[in-house]
Structures are given as structure tokens and as C-alpha cells.
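K.L.:
3D model of this:
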Amino acid sequence: MLVAGETPIAQAVARIGAEIGLDIVEVHNGAPEPAAGDLGLLVATHGRDELALLRRALESGVPYVGLVASRPRGGGVLAELRSDGVSDELLASIDVPRASTSRAHPG
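P.N.:
Numbers count the residues shown, from 1 in each chain. Coordinates of the predicted model:
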């Protein structure tokens, strides 16, 4: 499982993943790149290197591709990938929880 980012969420996912027995590989500056055979990729980079990582994971057939982003940022990333030629079919496989859920409370 690849985890990209030095954010608290990325650190928590890496820690929890290791605790449940996943082989966690932290991605720094886009390396290592996602490849066939990887279990998944979680991107929580606040905008750094995310487009290339997401595209590579999708094109490699990585089974789980997740992006931690706000609703506006998640939608923007998907739009950028779409305008760069990534198909809607591949884009639909990116899990962007904040972009697809409603807030529990207003504000």
C-alpha cells in the first residue's frame, strides 16, 4: 500500500495500515511510482505531485486509488485529470470521500 504525503492523515493511514499488517511504502517526491501489483495508493499531499501519482496508479491498474481533498479541491483534481485525457471510467475509480459526501453540519 502506497501512502503519499506528510500530512497527519497520511501519517495516520500509514500507522494504522502497518498495525493491521499491510506493507506500507511511503511516497516522497513522486517515488516510488505506483505500479501493477500495488494494493492501493492513498494521496494526501495537499496538491504536491498528486496528478502524476493518481494518473500512474489508474493507468497501472492499482485496485484502490484514494485522494484526501476538500470537495472543491477533489473536484478540481478530477477535472484536471479529465482535461489531461484520463477517461471518465478511470476517474470514477478514484475514491474522493470529501468530494462525494455531504457535511454532517453546516458551515
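K.L.:
residue boundaries of the helices in this protein?
P.N.:
Along the chain, counting by DSSP state H, helices occupy 8-19, 50-60, 71-83, 88-91, 97-100.
K.L.:
May I see the buried residues of the third one?
P.N.:
Applying a neighbour-count criterion of 16 or more other Cβ atoms under 10 Å, the buried positions in helix 71-83 are 73-74, 77-78, 81. In this view, the C-beta of every residue, glycine as well, is placed from N, C-alpha and C.
K.L.:
What average pLDDT does stretch 29-42 get?
P.N.:
Averaged over stretch 29-42, pLDDT sits at 93.
K.L.:
Equivalent analysis for stretch 83-95, please.
P.N.:
For stretch 83-95, the mean pLDDT works out to 95.
K.L.:
do the same with stretch 1-12
P.N.:
Rounded mean pLDDT across stretch 1-12 is 94.
K.L.:
Start and end of it, how far apart?
P.N.:
13 Å (Cα to Cα, to the nearest Å).
K.L.:
Residues contacting that stretch, please?
P.N.:
Applying Cβ atoms under 8 Å, 6 or more residues apart in numbering, the contact partners of stretch 1-12 are 13-14, 17, 22-27, 32, 34, 38-46, 48-50, 53, 57, 62, 68.
K.L.:
So L78 versus V65, what's the distance?
P.N.:
Per Cβ to Cβ, to the nearest Å, L78 is found 11 Å from V65.
K.L.:
residues shared between the contacts of those two?
P.N.:
The contact lists of L78 and V65 share I94, where a contact means Cβ under 8 Å, 6+ apart.
K.L.:
Tally up the residues packed near H28, please.
P.N.:
10 (other Cβ atoms under 10 Å).
K.L.:
P8 too?
P.N.:
9.
K.L.:
Check the one 4 residues further on too.
P.N.:
Neighbouring residues of A12 were enumerated by other Cβ under 10 Å; the total is 12.
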